[in-house]
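Participant: The following comprises the amino acid sequence and a computationally predicted model.
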Amino acid sequence: MSNITNTSQNPALQNEGAVKRFFRATEIDPRMLGMIAALILIWCIFDIASGVLRGNFGGLLGGSFLTPRNLWTLLVQTSSIAVMSTGMVLLIVMRQLDLSVGSMLSLVAVAGAVLQVFKLAPVLGVGHPAIWILAVVACIALGALIGALNGALTAYAKIPAFIVTLGGLLAYSGMAFYLAKGETVAPMDKTYEIFGGGIPISWIGPFWSWVIALVACAAIIFGIVNGRRQRLRFNFPLRPIWAETFLAALGSFVVLGITNVMNSYPWPFKLIENYAKANGVAIPPGIENKDGTAVCMAGDQVVRCTEGLIYYTGYSLPVLVALIVGMLMTFLATRTMFGRYVYAIGGNPEAAELAGINTKWMIVKVFALMGALVGISSIISSARLNAATNALGLTNELYVIAATVIGGTSLAGGVGTIYGAMIGALMMQSIISGMSLLNLPAAFQNMVVGVVLVLAVWLDQLYSRRVK
Amino acid sequence: MAKPAKKTAPVRKAGAKPAAKKIAKVIETHENPIAVKGAEPHMRAENRGTPLVEMRDVSIAFGGIKAVDRASIDLHPGEVVGLLGHNGAGKSTLIKVLSGAYKRDAGQIMIEGNEVGINNPRDAKSLGIETIYQTLALADNVDAAANLYLGRELRTRIGTLDDVAMEAETRKVMFRLNPNFRRFKEPVSKLSGGQRQSVAIARAIHFNARILIMDEPTAALGPQETAQVGELIKQLKADGIGIFLISHDLHDVFDLADRLVVMKNGKVVGTAHVKDVTQDEVLGMIIAGKCPKGAVPGPGALREVA
Ligand SMILES: Nc1ncnc2c1ncn2[C@@H]1O[C@H](COP(=O)(O)OP(=O)(O)OP(=O)(O)O)[C@@H](O)[C@H]1O
Ligand SMILES: [Mg+2]
């Protein structure tokens, strides 16, 4: 085809630098690379600082941050905010906002808890398998319903989303308080609790973690090969083979690396002992060592050791849920008409309407999706706490919006990525956990998160201005 | 000749296929009159009978300002009607009523003699009405292909976006309009004004419209691209498509249009065949609202006001 030029034939592109050529060939977003670099930098700083202040606990740089244990916990702690941030991206891209997600989370969690503790358990009997299923479905459905209400008021009653959801922030938290009668509703159903990621109930172990990792690697390679085949279909210019190989290798390396970290976190000592006793697993003798992570018999005493009984956690369930949500949402945002419309509406709402898109209905749908994701997060949060209170989601809306914005979503609309928001959530949680690791007071944590938020947006704007 | 109302009533699901079928029908029906060689364009238009589009006494006001006041215009298959008027005369507003962007306060819209309710852009599109807006109406943050197919995306067998196929089609259409265009991967906000306009034109012509509305389609185009759009209009006309062409360029209108309608302060000054009026007379209509002999006066003509 004469009208298709190969990028390499275009003279204007020939004398660009090696760095630029790398980014063009691999189509890696430099912004994402910057974010990941910042994340790694933050991790290193915390590891070094914790090492200096509190001593070496096996961290990569001599501290206690870059340890499997801390990184594993970090991911578990991030999952709830990360799940919600994927929905907030779409809302903000579409020039909307939801300030009510925190209160909504409390309300949905309390409703789910009341349902299982006071309604279902007495009727079906404690531990009945229908309980957790009904509770999960109810939480997601209730979230979607509340979200749809937010959306309908915004789209059809034409009240600005800021006002609708500010009202929701107050109203839903009031309702949560009323529903919980100001008390803590507990305990959750035993199966439901698995969604919280607590050890030892919520673990899939190294074997299944590796299986998942290999499936993910296969998916990455399939995606790259398929993309290439698609472009071949129309004789389009292809990415150079080295770039394709690099991307496949990088993707697989990251997946395997993370899996390896997840698989290196052994259960805490006490839990191994309890589990072994409860399940009749024999505890073998081993090499006694008070810093060891395994469990051994020394005479009739259970001691810490190396080379003894040990269980590794692998991926915890909330992290898997967040990763799956992230993948599905990325698929939705980039591969479907729904996602295309969200971005088009954000770019020019009037043009989208003129192109025949039902923009009002789209607004309702995206708010409902946000609500459903809040429902998922409410399950994670309440299962993790094994209880629900009206304060469960307090200030979550701020963290979710901060994560989304740190992740490169523009409040002007039209621009934003799911993975960016999830990395943003991880960055924020890293700062919060890192500072509590250093025993810094909570007030200080919020100060730093605030500064990081402003700094991230400022850097992003500097970058976009230079690119322009 | 008039089709049953059911056929032209707005169908909710806009899609390329039903529209394409409709156009095939339209072309079929009107092939013979067009094929008559040597017939004057306006004569052909008159012999046609039921107009493709007829807007009757359409009015719309924005907070007390009557942007369009009892305007009536019509359009036949294979005809180009130029819409002229000073800035703020109400041209864009009138055609936006037809394209579903605005809801009229009063008046009727007939398509092939059947009254239709156009309440939103989807209704208009399902009737085969495509529009190039003066503001272009592009989503700035996505690329040319995404804009071209916005609302009518091509999908793979499993229902996902077929971006590669859409890009391939976009390359073909754009090549016809603007052979120098290369930036298929960039968001349209990064394109030049003329390139953006080409994307908007490509979108309007790609889906087999039978009624095409062009609101100053060449305002940002270079001479070569403008000439190409002129050729395109002639080609579409020969295919039996009815075109409303809004332009401030009298030469263009006299060159391309069969008839012209002049508006002033929301009212139609007059309607005329381009053969029956001179450019000076049309200028008089636009500036002073004077309706010359060769034109049929409308409610906005000077003598009525006086
Ligand atoms: N959305 C709107 N809200 C309020 N007033 C409007 C709106 N759209 C148009 N108008 C008013 O209606 C009148 C007609 O505007 P319109 O855009 O139809 O003019 P036009 O003939 O297309 O002019 P131009 O040649 O400048 O494009 C103007 O007075 C304008 O101010
Ligand atoms: Mg106009």
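Facilitator: Happy to help now that I have it. Numbering: from 1, shown residues only, chains lettered A, B, ... in the order given. Ligands and ions are numbered 1, 2, ... in the order given.

Participant: Check which helices and strands the strand or helix carrying residue A:324 sits against.
Facilitator: Assigned by DSSP states H and E, residue A:324 belongs to helix A:317-335. Under the contact definition 3 or more CB pairs under 8 Å, 6 or more residues apart in numbering or on different chains; DSSP states H and E, helix A:317-335 sits against helix A:68-93, helix A:337-347, helix A:359-385, helix A:418-437. (Glycine included, C-beta is placed from N, CA and C.)

Participant: Out of these, which gets nearest to residue B:148?
Facilitator: Closest to residue B:148 of the helices and strands packed on helix A:317-335, according to CB to CB: helix A:337-347, at 11.8 Å.

Participant: what's the angle from the closest one to helix A:68-93?
Facilitator: 70 degrees (axes from the mean of the first three to the mean of the last three CA atoms, to 10 degrees).

Participant: picking up where we left off before, centre of the chain versus the helix holding residue A:324, how much separation?
Facilitator: On the basis of CA atoms, centre = their mean, to the nearest Å, helix A:317-335 sits 8 Å off its chain's mean C-alpha point.

Participant: Looking at it now, give me its mean pLDDT.
Facilitator: Across helix A:317-335, pLDDT averages out at 95.

Participant: And for stretch A:122-130?
Facilitator: The average pLDDT within stretch A:122-130 is 90.

Participant: Show me which residues of it are buried.
Facilitator: The neighbour-count check on stretch A:122-130 (16 or more other CB atoms under 10 Å in any protein chain shown) flags residue A:128 as buried.

Participant: Next, the residues that contact it from outside, please.
Facilitator: With CB atoms under 8 Å, 6 or more residues apart in numbering or on different chains as the test, stretch A:122-130 has contacts from A:120, A:121, A:131, A:189, A:190, A:191.

Participant: show me the contacts for the most centrally placed residue in chain A.
Facilitator: Nearest residue to the geometric centre of chain A (CA atoms, centre = their mean): residue A:82, 3.0 Å. For residue A:82, the contacting residues are A:322, A:325, A:326, A:403, A:421, A:422, A:425, A:426, by CB under 8 Å, 6+ apart.

Participant: try it again with 10 Å
Facilitator: Applying CB atoms under 10 Å, 6 or more residues apart in numbering or on different chains to residue A:82 gives the contacts A:75, A:318-319, A:321-323, A:325-326, A:373, A:377, A:380, A:400, A:403, A:407, A:418, A:421-426, A:428-429.

Participant: how close does the residue lying closest to residue A:407 once chain neighbours are set aside sit to residue A:404?
Facilitator: Distance criterion CB to CB, 6 or more residues apart in numbering or on different chains; nearest residue to residue A:407, sequence neighbours excluded, is residue A:424 at 3.0 Å. Residue A:424 sits 6 Å away from residue A:404, going by CB to CB, to the nearest Å.

Participant: and the one helix or strand in chain A whose mean pLDDT sits lowest, what does it pack onto?
Facilitator: Across the helices and strands of chain A, the lowest-confidence element by mean pLDDT, DSSP states H and E is helix A:18-26, at a mean of 80. With contacts defined as 3 or more CB pairs under 10 Å, 6 or more residues apart in numbering or on different chains; DSSP states H and E, the packing partners of helix A:18-26 are helix A:30-54, helix A:241-262.

Participant: Out of the ones you listed, the one nearest ligand 1 is which?
Facilitator: Minimum separation from ligand 1 across those (CB to the nearest ligand atom) falls at helix A:30-54, 36.5 Å.

Participant: How about the closest one, which residues are buried there?
Facilitator: A:31, A:35, A:38-39, A:42-51.

Participant: How about stretch A:404-420?
Facilitator: A:404-410, A:413-420.

Participant: for stretch B:187-203, same thing?
Facilitator: The neighbour-count check on stretch B:187-203 (16+ other CB under 10 Å) flags B:187-188, B:191, B:194-203 as buried.

Participant: what's the most distant pair in the residues you listed?
Facilitator: B:187 and B:201 (18.4 Å).

Participant: Apart from its neighbours in sequence, what residue is nearest the one residue in the stretch 201-306 of chain B that gets nearest to ligand 2?
Facilitator: As assessed by CB to the ion, ligand 2 sits closest to residue B:215 within the stretch 201-306 of chain B, at 5.8 Å. Closest residue in space to residue B:215, ignoring its immediate chain neighbours: residue B:134 at 4.1 Å, by CB to CB, 6+ apart.

Participant: One more: residue A:145?
Facilitator: residue A:371 (6.9 Å).

Participant: What of residue A:411?
Facilitator: residue A:92 (6.2 Å).

Participant: what about residue A:211, which helix or strand?
Facilitator: helix A:205-233.

Participant: Which strands or helices does that helix pack on?
Facilitator: So helix A:205-233, by 3+ CB pairs under 10 Å, 6+ apart, packs with helix A:241-262, helix A:317-335, helix B:163-177.

Participant: Could you check the shortest one and say which residues are buried?
Facilitator: Under the neighbour-count criterion of 16+ other CB under 10 Å, helix B:163-177 has B:163-171, B:173-177 buried.

Participant: Now cross-check these against chain A and list the overlap.
Facilitator: B:163, B:164, B:165, B:167, B:168, B:169, B:171, B:174, B:175, B:176 (CB under 10 Å from any CB of the partner chain).

Participant: Which of these sits closest to ligand 1?
Facilitator: residue B:174 (25.7 Å).

Participant: Tell me how far the closest one lies from residue B:204.
Facilitator: Relative to residue B:204, and taking CB to CB, residue B:174 is found at 13 Å.

Participant: So for the two, which residues contact both of them?
Facilitator: Joint contacts of residue B:174 and residue B:204 (CB under 10 Å, 6+ apart) are residue B:148.

Participant: Okay, and the residue nearest the centre of chain B sits in which element?
Facilitator: The C-alpha lying nearest the average C-alpha coordinate of chain B belongs to residue B:213 (CA atoms, centre = their mean; 1.0 Å). Element membership of residue B:213 [criterion: DSSP H and E] is strand B:211-215.

Participant: follow-up on the earlier one: what would the buried residues of helix A:30-54 look like in a markdown table with distance to residue A:21?
Facilitator: Below are the buried residues of helix A:30-54 laid out as a markdown table (distance: CB to CB, whole Å):
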| residue | distance to residue A:21 |
| --- | --- |
| A:31 | 18 |
| A:35 | 22 |
| A:38 | 24 |
| A:39 | 26 |
| A:42 | 29 |
| A:43 | 30 |
| A:44 | 29 |
| A:45 | 32 |
| A:46 | 35 |
| A:47 | 34 |
| A:48 | 35 |
| A:49 | 38 |
| A:50 | 40 |
| A:51 | 39 |
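
Participant: Name the nearest of those residues relative to ligand 2.
Facilitator: Nearest member of the buried residues of helix A:30-54 to ligand 2, counting by CB to the ion, is residue A:31, at 38.5 Å.

Participant: Let me see the confidence value for the nearest residue to the closest one once chain neighbours are set aside.
Facilitator: In this structure, residue A:31 finds its nearest non-sequential neighbour in residue A:408, 5.5 Å apart by CB to CB, 6+ apart. The confidence metric pLDDT takes the value 90 at residue A:408.
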